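**Q** got a predicted model here, sequence first, then my questions.
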Amino acid sequence: MIDMKWIRNDPERVKENIRKKFQNDKLPLVDEVVELDRQFREAKVQGDTLRNQRKTISKKIGALMGQGKKDEAEAIKAEVKDLGAQLEALEQKETELSARIREIMLVIPNFIDDSVPIGKDDSENVEVERFGEPVVPDFPVPYHVDIMERVNGIDIDAARETSGNGFYYLRGDIARLHSSILAYARDFMIDKGFTYYIPPFMIRSNVVTGVMSFAEMEGMMYKIEGEDLYLIGTSEHSMIGKFIDKILPESDLPQTLTSYSPCFRKEVGAHGIEERGVYRIHQFEKQEMIVVCKPEESMDWFHKMYHYTVEFFCSMDIPVRTLECCSGDLADLKVKSIDVEAWSPRQKKYFEVGSCSNLGDAQARRLGIRVKAEDGTKYFAHTLNNTVVAPPRMLIAFLENNLCEDGSIRIPEPLQRYMFTDAIRPEA
């Protein structure tokens, strides 16, 4: 959510930003909210005037009663009652206008950074840099589920019976590998100076609408029936929500947090919850990183954060590239976003394994997360989030890039202290 002052003072800049995001259907909302804001401020001035009048007249009534002029006091009371009725109507109008203004402000997109490439959708995202050498081995690389089945590490058929498509059972060494990757990611981020958290896995609706757009919420979140609770789609939701309505001393910034959680997603509109694959699923686990910082530091943190993910994947011999999201592919709250994509030897292309986002002060403005400077002034914090690793999607890249010709799976050195072995071998 952007500052109302921007819309009030420079509506054309707001409209230009909407055009850059190819959301021209939202252009009329700018003029509408400008007019509603004018009416709201006018009603507030009228209300303040009436409140002052009522206060003055009430004092006069008290004085008259003190002088024994009861009849005169009673006559003026009728005037106070009339002012009260007018004030009640104005306050109702203020409430209705405020609600509609917020409704509109929640769907007007955040300002994108000047460095963001302009494009309509993800087909126009721009490659930034590659890390590691993408290799296609001399032997065929099987589908990731086939690799796992060869070591008796997955059971999708049983999960389909218990839960439907988009679920799976991991077992044995593949389950251990999954947990080891998360443990390594946890320790990797702790070594970078981040504080480890395990957050609540459910959040209230006011947090949901603070951390994401309505379109994202509808396509992602599972609602708990009969309660004001939603299952989280990522631990970022809980972790940013942790600061709701807080005023943080500037000396406490930056807040650098890394959190583990299961994640639950509807994946509405996803083309193919695969019947056998684990790429797009309803339930998975993830290690996330979150930063709350001063505005002038947010771009530096943005670059640090996605490079941490690059470093993490490269440490396990998985080639990656970074891809800058174009304007039309940015969610409405985001200022700038970079995806990290891992190399798939089987498909001979890269695929997304993580995303780093700078949201500016949009989430903080929605959630009331402010910072108090040493001079006493207050301002909204900037928030950022990034995926460290999200198994089992990451398992696809890991298995394909560490598969040996004999069917065994090599365990890179950083994971060996968690797995207590240098390889996973097919069962005899």
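**A** Everything's here; your move. Numbers count the residues shown, from 1 in each chain.

**Q** residue 134 against residue 343, yeah?
**A** Yes. Residue 134 is within contact range of residue 343, at 4.3 Å (criterion: CB atoms under 8 Å). Every residue, glycine included, has its C-beta placed from N, CA and C.

**Q** between the two, which contacts overlap?
**A** 319, 350 (CB atoms under 8 Å, 6 or more residues apart in numbering).

**Q** who's more crowded, those two?
**A** When residue 134 and residue 343 are compared for neighbours, residue 343 comes out ahead with 25 against 17, by other CB atoms under 10 Å.

**Q** is it fair to say that one lies in a strand?
**A** Yes. If the criterion is DSSP: H, G, I helix; E, B strand; the rest coil, then residue 343 is within a strand.

**Q** surely it touches residue 352?
**A** No. In this structure residue 343 lies outside contact range of residue 352 using CB under 8 Å: 11.9 Å.

**Q** which stretches in the stretch 201-350 of the chain count as strands?
**A** 202-203, 222-223, 230-231, 247-249, 255-264, 283-293, 320-324, 336-344, 349-358 (DSSP state E, counting those that start in this stretch).

**Q** would you mind giving these as CSV with distance to residue 366 and mean pLDDT added?
**A** Output for those, formatted as CSV (distance: least, CB to CB, whole Å; pLDDT from 0 to 100):
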stretch, distance to residue 366, mean pLDDT
strand 202-203, 14, 96
strand 222-223, 19, 91
strand 230-231, 16, 94
strand 247-249, 16, 98
strand 255-264, 17, 96
strand 283-293, 14, 96
strand 320-324, 25, 98
strand 336-344, 18, 97
strand 349-358, 15, 96
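
**Q** I'd like these as JSON lines, with distance to residue 23 appended.
**A** Formatted as JSON lines, the strands of the stretch 201-350 of the chain follow (distance: least, CB to CB, whole Å):
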{"stretch": "strand 202-203", "distance to residue 23": "27"}
{"stretch": "strand 222-223", "distance to residue 23": "26"}
{"stretch": "strand 230-231", "distance to residue 23": "25"}
{"stretch": "strand 247-249", "distance to residue 23": "32"}
{"stretch": "strand 255-264", "distance to residue 23": "27"}
{"stretch": "strand 283-293", "distance to residue 23": "27"}
{"stretch": "strand 320-324", "distance to residue 23": "19"}
{"stretch": "strand 336-344", "distance to residue 23": "16"}
{"stretch": "strand 349-358", "distance to residue 23": "18"}
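
**Q** those strands: which one's closest to residue 376?
**A** strand 247-249 (11.1 Å; CB to CB).

**Q** partner strands of that closest one, with direction?
**A** strand 370-372 (parallel) (DSSP bridges).

**Q** buried residues in the strand it pairs with?
**A** Residues of strand 370-372 classed as buried: 370, 371 (neighbour count, 16 or more other CB atoms under 10 Å).

**Q** likewise stretch 200-217?
**A** Buried-residue list, stretch 200-217, by 16+ other CB under 10 Å: 200, 201, 202, 203, 207, 208, 210, 211, 212, 213, 217.

**Q** what is the end-to-end distance of it?
**A** Stretch 200-217 has its terminal residues 18 Å apart, counting by CA to CA, to the nearest Å.

**Q** what sits up against it?
**A** 106-107, 220-221, 224, 228-232, 236-238, 240-241, 244, 261-262, 331-333, 363, 366-367.

**Q** with distance to residue 169 added, can I get the buried residues of stretch 200-217 in CSV?
**A** Rendered in CSV, the data for the buried residues of stretch 200-217 read as follows (distance: CB to CB, whole Å):
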residue, distance to residue 169
200, 26
201, 20
202, 24
203, 27
207, 31
208, 30
210, 35
211, 31
212, 30
213, 34
217, 29
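
**Q** thank you, goodbye.
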